[in-house]
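**Q** Let's see this in three dimensions:
(2 chains)
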Amino acid sequence: QKEVEQNSGPLSVPEGAIASLNCTYSDRGSQSFFWYRQYSGKSPELIMSIYSNGDKEDGRFTAQLNKASQYVSLLIRDSQPSDSATYLCAVSSSASKIIFGSGTRLSIRP
Amino acid sequence: GAVVSQHPSWVICKSGTSVKIECRSLDFQATTMFWYRQFPKQSLMLMATSNEGSKATYEQGVEKDKFLINHASLTLSTLTVTSAHPEDSSFYICSARDRWSYEQYFGPGTRLTVT
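**A** Numbers count the residues shown, from 1 in each chain, chains lettered A, B, ... in the order given. Sure thing, here's the model as predicted:
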């Protein structure tokens, strides 16, 4: 079992709709959770971090964390073509390294 | 926001030569930096974890004598690819973890081509 699992996609969403990206993790001791966006040929960019159960909103992005279910998600409202990228879920337990999922490819169709 | 720089952004070298890549955290301190490699259409592969003032920890299958890592200060880590071969051609990305928030920020990457 992979430590951080994501659906590889591609996930195709019409422009203006909500894109929902999901991630599960195996280490119950995980305390920090991150979402990164990576455009083709570029390095990942941190877009959200979440540390406690519930929702965290930042602009069009909402991260959701459920530690009991070992589940973290990212919602992108009013999806734009510029949101088309690979989204990486990452999980860390205190001082240890961050474990990345393999990423979900998101495509926003005009 | 937190900025991580990498230099050079791209490099072409001949087989058998060595290449050094620098990673700097510009506006925060990073006790830990990470080095990744990414081949086209593949996910990030962690190569090693670099801790300031101590030896790097390498992932399984990564040759420590080939990929030399030095983390001399809280803002600088270097990766030297020694005796490079064409199969070492890849996108090398560093990241630095903020010593207080644990958030990890990536550099822009270095594209290495070995001819």
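**Q** I'd guessed residue B:64 sits against residue B:49; true?
**A** No: using CB atoms under 8 Å, residue B:64 is not in contact with residue B:49, being 11.9 Å away. (C-beta placed from N, C-alpha, C; glycine too.)
**Q** Settle it for me: which of these two has more neighbours?
**A** In this view residue B:64 and residue B:49 are compared by other CB atoms under 10 Å in any protein chain shown, and residue B:49 has more residues nearby, 19 against 13.
**Q** dump the residue contacts of residue A:54.
**A** By CB atoms under 8 Å, 6 or more residues apart in numbering or on different chains, residue A:54 lies in contact with A:64, A:65.
**Q** Name the SS class of the nearest residue to residue A:103 once chain neighbours are set aside, please.
**A** Setting aside the residues directly before and after it, residue A:103 is nearest to residue A:86 in space (CB to CB, 6 or more residues apart in numbering or on different chains), at 4.3 Å. Judged by DSSP: H, G, I helix; E, B strand; the rest coil, the three-state class of residue A:86 is strand.
**Q** Surely residue A:86 is in contact with residue A:38?
**A** Yes: contact criterion CB under 8 Å: residue A:86 and residue A:38 qualify, at 4.7 Å.
**Q** list residues touching both of these two?
**A** Common neighbours of residue A:86 and residue A:38 (CB under 8 Å, 6+ apart) are residue A:103.
**Q** Any idea how many residues pack against residue 74?
**A** I went with chain A, as the question did not name one. So residue A:74, with other CB under 10 Å, has 25 neighbours.
**Q** Correction: the question concerned chain B.
**A** What residue B:74 shows, counting by other CB under 10 Å, is a neighbour count of 17.
**Q** Number of residues surrounding the residue nearest to it when sequence neighbours are not counted?
**A** The shortest distance from residue B:74 to any non-neighbouring residue, by CB to CB, 6+ apart, is to residue B:29 (4.2 Å). Applying other CB under 10 Å, we find 14 residues neighbouring residue B:29.
**Q** Quick one: name the residues of chain B near chain A.
**A** By CB under 8 Å from any CB of the partner chain, the residues of chain B that approach chain A are B:32, B:34, B:43-44, B:46, B:49, B:91, B:93, B:95, B:97, B:101-109.
**Q** Among those, name the buried ones.
**A** B:32, B:34, B:43-44, B:46, B:49, B:91, B:93, B:95, B:97, B:102-109 (16 or more other CB atoms under 10 Å in any protein chain shown).
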